[in-house]
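Undergrad: Return atomic coordinates for the entry below.
(one chain, ligands or ions: 1)
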Amino acid sequence: MFQTEITRMLDIRHPILQAPMAGGPTTPDLAAAVSNAGGLGSIGAGYLAPDRIRDTIREIRQRTDRPFGINLFVPEQPCTSEATIAEMNDFLNSFRVELGIASNPSTPKSAESFEDQIRILLEESVPVVSFTFGMPSEDVIQALKARGTTVLGTATTVEEAQALEAAGVHAIVAQGSESGGHRGTFLKDAADALIGTMALVPQVVEHVSVPVVAAGGIMDGRGLIASLALGASAIQMGTAFLASPESGAHPAYKQKIMSSTEDCTEVTYAYSGKAARGIRTKFMEEFRNYQGAIPPYPIQNAMTRDIRQTAAQANLPEYMSLWAGQGLRLADDRSAASIIDRTIEQANDVVGMISTLGK
Ligand SMILES: Cc1cc2nc3c(=O)[nH]c(=O)nc-3n(C[C@H](O)[C@H](O)[C@H](O)COP(=O)(O)O)c2cc1C
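TA: The predicted structure follows:
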């Protein structure tokens with residue numbers, strides 16, 4: 001048993017958080033399986049409409065009576081010109097031709113209402129709420145706390161961790177640059193905040209007094225013990241769960257996870273306008289030739305949605321966003337519960353091995 005500040009704070013058996021992964025991978029089945037196995041299951045709800053969030057929370061509650069988390073994107077105020085959007089649309093039309101979809105002259109609706117999403121979380125008294133892409137207002141944090149919710153923020157630098165602590169979060173997810181998915185960076189350019197987990201975690205631990213959760217490239221019990229040694233109170237694993245049967249990731253995406261190598265991921269702005277790490281695709285490669293500016297998140301995300309959705313329907317992973325971290329070669333397709341069990345077993349073995357060192 002590894003008891004830490006986080007296991008006590010979240011009332012979980014193991015210091016393992018399953019990363020919220022918006023866009024489909026995190027299903028009620030996955031979150032509940034992780035929570036039932038003693039970790040903290042969670043749902044990436046950033047793209048979900050408020051009613052869908054409510055339904056999802058209820059579906060999780062039908063499957064577990066253990067704590068679980070819901071994650072939201074802190075909204076941004078994107079600013080771009082009509083000319084940038086038009087130029088991007090022209091470029092994207094070449095992909096649309098390849099996929100046989102009609103050209104898309106208008107910018108689709110880009111984001112759910114954050115206020116309405118928060119209202120549902122307050123009404124449902126969700127056990128844990130986490131945020132990425134920024135800091136919610138102190139009013140939001142206080143309102144959640146008043147409902148008994150534990151609030152987590154995501155930091156990619158020490159400064160972001162300090163800002164989140166000052167805003168009142170209970171704990172901080174330190175997201176190293178190995179991480180799959182979008183960078184949570186919000187106080188500087190994401191390209192200037194690519195700090196690896198091993199360097200980031202102890203620096204954040206030194207500079208904040210709330211517990212720290214290590215994320216990025218952690219795939220098993222070795223990563224758990226390494227993170228605890230760096231001062232983290234828990235780990236958050238995303239890629240490790242992507243190919244599990246409970247994950248809602250597209251079958252072609254799971255297949256790519258299971259067959260890829262550790263050097264095939266890269267950080268791209270192509271799909272969403274925000275830095276994110278994923279398996280290299282034809283879509284990403286063709287963006288290397290793009291000379292214009294990429295509209296910021298969430299505009300670019302909305303502009304590429306039809307391409308990603310059509311590609312998923314046609315089973316064409318080369319046009320899909322295949323977010324994954326650098327540890328993906330250690331991913332396996334076992335059940336979420338067995339991933340948790342094996343992580344703890346392996347962590348115990350590592351502790352045994354370490355205790356023999358120096359004897
Ligand atoms: C497919 C995918 C989607 C993600 N979506 C979110 C999200 O919606 N919210 C969030 O806070 N983090 C998101 N992340 C990042 C994770 O929270 C976490 O930082 C990351 O998975 C840790 O690195 P790992 O993938 O190497 O385990 C996502 C990661 C992946 C792989």
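Undergrad: and the closest residue to Glu124 other than its chain neighbours, what helix or strand is that in?
TA: Excluding its sequence neighbours, the residue lying closest to Glu124 (Cβ to Cβ, 6 or more residues apart in numbering) is Ile57, at 4.9 Å. Quick note: C-beta positions are derived from backbone N, CA and C, even for glycine. Using DSSP states H and E, Ile57 sits within helix 50-63.
Undergrad: Is the ligand within reach of that helix?
TA: No - figure legend: helix 50-63 not in contact with the ligand (Cβ under 6 Å from any ligand atom); closest approach 12.6 Å.
Undergrad: got the contact list for that helix?
TA: 28-29, 31-33, 35-36, 41, 43, 45, 48, 68, 70, 112-113, 116-117, 119-121, 123-124, 126 (Cβ atoms under 8 Å, 6 or more residues apart in numbering).
Undergrad: Stretch 190-208 and the ligand in contact?
TA: No - if you take Cβ under 6 Å from any ligand atom as the test, stretch 190-208 misses the ligand, and the best it gets is 8.2 Å.
Undergrad: Give me the average confidence score over that stretch.
TA: Averaged across stretch 190-208, pLDDT comes to 97.
Undergrad: so how far is the first residue of it from its last?
TA: Taking Cα to Cα, to the nearest Å, the first and last residues of stretch 190-208 lie 21 Å apart.
Undergrad: distance of Pro317 from Val267?
TA: With the distance defined as Cβ to Cβ, to the nearest Å, Pro317 ends up 18 Å from Val267.
Undergrad: Name the residues of this protein found near the ligand, please.
TA: So the chain meets the ligand at 19-22, 25, 44, 46, 71, 132, 154, 175, 178-181, 215-218, 236-240, 323-325, 327 (Cβ under 6 Å from any ligand atom).
Undergrad: So which of the residues you listed belong to helices?
TA: Cross-referencing the residues of the chain next to the ligand against helices under DSSP state H gives Thr239, Ala240.
Undergrad: how near is the residue nearest to Glu124 to Leu72?
TA: From Ile57 to Leu72 the distance is 13 Å (Cβ to Cβ).
Undergrad: before we move on, what about Glu115?
TA: Relative to Leu72, and taking Cβ to Cβ, Glu115 is found at 11 Å.
Undergrad: ok, these two, which is more surrounded?
TA: Using other Cβ atoms under 10 Å as the criterion, Glu115 and Leu72 rank with Leu72 on top: 25 against 10.
Undergrad: these two touch, right, the more buried one and Tyr47?
TA: No - counting by Cβ atoms under 8 Å, Leu72 sits too far from Tyr47 to count as a contact (9.9 Å).
Undergrad: can you pull the buried residues of stretch 23-30?
TA: For stretch 23-30, a neighbour-count test (16 or more other Cβ atoms under 10 Å) marks Gly23, Pro25, Thr26, Thr27, Pro28, Asp29, Leu30 as buried.
Undergrad: Nearest to the ligand, out of those: which one, please.
TA: If you rank those by distance to the ligand using Cβ to the nearest ligand atom, Pro25 comes first, at 5.1 Å.
Undergrad: Please look at that closest one and Gly248 and confirm they touch.
TA: Yes - Pro25 lies in contact with Gly248 (Cβ under 8 Å); the separation is 5.5 Å.
Undergrad: wait, isn't Glu318 in contact with Lys282?
TA: Yes - with contacts counted by Cβ under 8 Å, Glu318 reaches Lys282, the gap being 3.9 Å.
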